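Asks: The following block contains a protein sequence and its predicted model.
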Amino acid sequence: MTVKSDAFVFFGATGDLAYKQIFPALQALIRDEDFDLPIIGIARSGWDIEKLRERAKDSVTEHGGLDKRAFGKLVKLLRYVDGDYKQADTYQRLREMLGKAQHPLHYLAIPPSLFETVVKHLDQSGCATGARVVVEKPFGRDLASARELNRTLHRIFPEDAIFRIDHYLGKEAVQNLLYFRFANSFLEPLWNRTYIDSVQITMAESFGVQGRGSFYEEVGCLRDVVQNHMLQVLVLLAMDAPTSHDAEAMRSEKLRLLRAIRPLDPKEVVRGQFRGYRTEQGVAKNSQVETFAAMRLHIDTWRWQGVPFYIRAGKEMPVTCTEVFVDLKCPPLAVFDRIAPRDSNYFRFRLSPDVVISAGVRVKKPGEAMRGENVELIARAQPRRVRLPYARLLGDALRGNAELFGRDDGIEAAWRIIDPALNDAERVLQYNPGTWGPKAADELTAGEEGWHNPVVKKNGNGK
Ligand code: BG6
């Protein structure tokens, strides 16, 4: 039987991720799942527990709202260790605070450059014994560093104690993508090169780097969201059905697909940077880091040969929205009116801010003439997210359920795809905030009549 973790430790307790995601997730776990474990925050900020409690309060208030009962309990469970991650003494104090806990879960919500230092100290102080570790993305900087990080972690933790988090996998809409594909038999006969023309995934954000300039300078768009979030969505769209709902069956099937994706050809990648990025705090005046990336990918399988998959992700776009468009081939003959191919014959999966699963079809307009119009058949339309992805994922990690976390081989397979685009010597192309990125990105999809730009209506979803 898998043991449950008996303490929740998070490094980076005073940081941005803790503020935006971890405190709200902990409050949700307490409210919905009777979470009742010691919570130990660690940071090197010179803070005390009072200040951390204040921070936790602001965090939940700003992200989803304060639940009096659950937050009251969170405050009681919360402890704090202030210390330098490089000093052994920090970990001795952590070990003391862990008391009788035998199976702590350590969440590393810290910059990747610190992972190695922290896990080595966890090991030397005895805090790693019987423990699990949750590692934030990006897992490494490229294939070589991801392999090295896997080696470092494996020296201390067995693979089944390592949870590589990608919060996209915890999103309701992303889960539904997987469910919808494999719970409906009508889809399977269509889901291949015979009926599908191309697939587009767009992750647009209408804001910039929001004060995270120095973090962003280390990563850029490809490492921040493409190697992980976007490839995971692509995998769920393109993978074959797993033989069961077992975590390993699922992860092995994903791996098979990742290994069939051709490494990116830099000629099929466009990197952009929004004008104004270089004046952000923590950003180099001549930075070549991309805040936008668009690419064409190819999957070498019988199912997908010749079907282009496009990914586009960027900051300072016209809207905030993540959407998948699966374009079906046109009917072979226009028996009735001519139709603009891109406005019907598609599946659309809106992953955020709202959740939509729909199919674009043609129906006849009432009247004499055999003329038609486009309509959308909506299978699911939810105005907003129902469950915090971090609450789902942290709850799973505490129970030892790894299904929604990256496995060592899967993470390395994803880096293998992205690697060739990382050291592109080509200068990054500038684009104006509020636009869909550099013009060159449009050329990538020229064969498909361009990109599908998601439209976000003020109240509710929409195309
Ligand atoms: C994070 C990235 O992983 O995902 C951010 O670091 C990005 O740059 C965020 O803004 C988007 O997540 P969500 O859930 O708001 O779509």
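Replies: Thanks, I have the structure now.
Asks: who's in contact with the residue nearest to residue 110 when sequence neighbours are not counted?
Replies: In this structure, residue 110 finds its nearest non-sequential neighbour in residue 12, 4.2 Å apart by CB to CB, 6 or more residues apart in numbering. To be clear about C-beta, it is placed using only N, CA and C from the backbone, and glycine gets the same treatment. Residue 12 sits next to 18, 42-43, 108-110 when contact means CB atoms under 8 Å, 6 or more residues apart in numbering.
Asks: out of those, which are inside strands?
Replies: 42-43, 108 (DSSP state E).
Asks: Quick check: bridge partners of the residue in the stretch 301-450 of the chain positioned nearest to the ligand?
Replies: The nearest approach of the stretch 301-450 of the chain to the ligand comes at residue 352, 5.2 Å away (CB to the nearest ligand atom). Counting by DSSP bridges, residue 352 is bridged to residue 322.
Asks: What is the neighbour count of it?
Replies: By the criterion of other CB atoms under 10 Å, residue 352 has 20 neighbours.
Asks: On the pLDDT front, check it for me.
Replies: Listed pLDDT for residue 352 reads 93.
Asks: That one and residue 121, how far apart?
Replies: Look at residue 352 and residue 121: by CB to CB, to the nearest Å, they are 37 Å apart.
Asks: ok, now residue 454?
Replies: Taken as CB to CB, the span from residue 454 to residue 121 is 44 Å.
Asks: Among these two, which residue is more densely surrounded?
Replies: Legend: neighbour count by other CB under 10 Å for residue 454 and residue 121, higher for residue 454 (24 against 20).
Asks: Where does the more buried one sit, in terms of helix or strand?
Replies: For residue 454, there is no enclosing helix or strand under DSSP states H and E.
Asks: for residue 293, same thing?
Replies: Judged by DSSP H and E, residue 293 forms part of strand 292-297.
Asks: Run the contact check for that strand versus the ligand.
Replies: No. For strand 292-297, no contact with the ligand is found by CB under 6 Å from any ligand atom; the gap never falls below 12.0 Å.
Asks: which ones are touching the nearest residue to residue 273 once chain neighbours are set aside?
Replies: Nearest residue to residue 273, sequence neighbours excluded (CB to CB, 6+ apart): residue 428, at 4.5 Å. Residues near residue 428 by CB under 8 Å, 6+ apart: 271-273, 288-290.
Asks: In JSON lines, list the residues you listed along with distance to the ligand, neighbour count and secondary structure.
Replies: Output for those, formatted as JSON lines (distance: CB to the nearest ligand atom, whole Å; neighbours: other CB atoms under 10 Å; DSSP: H, G, I helix; E, B strand; the rest coil):
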{"residue": "271", "distance to the ligand": "16", "neighbour count": "26", "secondary structure": "strand"}
{"residue": "272", "distance to the ligand": "15", "neighbour count": "26", "secondary structure": "strand"}
{"residue": "273", "distance to the ligand": "15", "neighbour count": "26", "secondary structure": "strand"}
{"residue": "288", "distance to the ligand": "18", "neighbour count": "14", "secondary structure": "coil"}
{"residue": "289", "distance to the ligand": "13", "neighbour count": "22", "secondary structure": "coil"}
{"residue": "290", "distance to the ligand": "12", "neighbour count": "31", "secondary structure": "coil"}
